[in-house]
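Asks: Generate coordinates for the sequence data below:
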Amino acid sequence: MTKKRGDDGIDDSHIVEAQDLVQCGRLRNRIRDQTQHAHLLLKTLASLEQRGATPARSKTIKTWYERVTNAHAVDSGTTLKSIQKHLSDLHKLGFLQRTNRNRGESGGRYDEYDLDLAPEIVLDSSDEIETERDR
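Replies: Prediction:
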């Protein structure tokens, strides 16, 4: 990295940047290891986050997920329950944050989800995966 920039030595900023690159690479590999539906679900949440629409309920995520799968010519073939299971799995894997809400008798109990990583990492990884798949 220092050679690319033409820097003479290594300082703390170089170390932090290298750590960030390694972390980003690890996240991309973890994303790459997921199923196609998990990729598309992460992409859905990244899109929602970029629109400022997170945290989001699973019903909202399902609606947007169906749009994403249609755009990729993939059969969503999922129920709300299966989306909730995928969201729970992605939460357990550390990709998502989950917030439990309780609005009392009139509003009920529900979960909201948002990404626990930068949406750009998800979208860049999705683009790479789609490019590899198209080859």
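
Asks: Now do the same contact list for H72.
Replies: Remark: with contacts taken as Cβ atoms under 8 Å, 6 or more residues apart in numbering, H72 is in contact with 40, 130. Using the backbone N, CA and C atoms, a C-beta is placed for each residue, glycine as well.

Asks: From R103, how far off is it?
Replies: Taken as Cβ to Cβ, to the nearest Å, the spacing of H72 relative to R103 amounts to 34 Å.

Asks: repeat for A118
Replies: Between A118 and R103 the distance, using Cβ to Cβ, works out to 30 Å.

Asks: Then Q34?
Replies: 32 Å.

Asks: Compare the two (neighbour count), which wins?
Replies: Q34 (19 against 9; other Cβ atoms under 10 Å).

Asks: Can you show me the strands along the protein?
Replies: Assigned strands in the chain, in chain order: 56-57, 96-102, 109-115 (criterion: DSSP state E).

Asks: Please state the offset of the second one from the chain centre?
Replies: Distance of strand 96-102 from its chain centroid, counting by Cα atoms, centre = their mean, to the nearest Å, is 16 Å.
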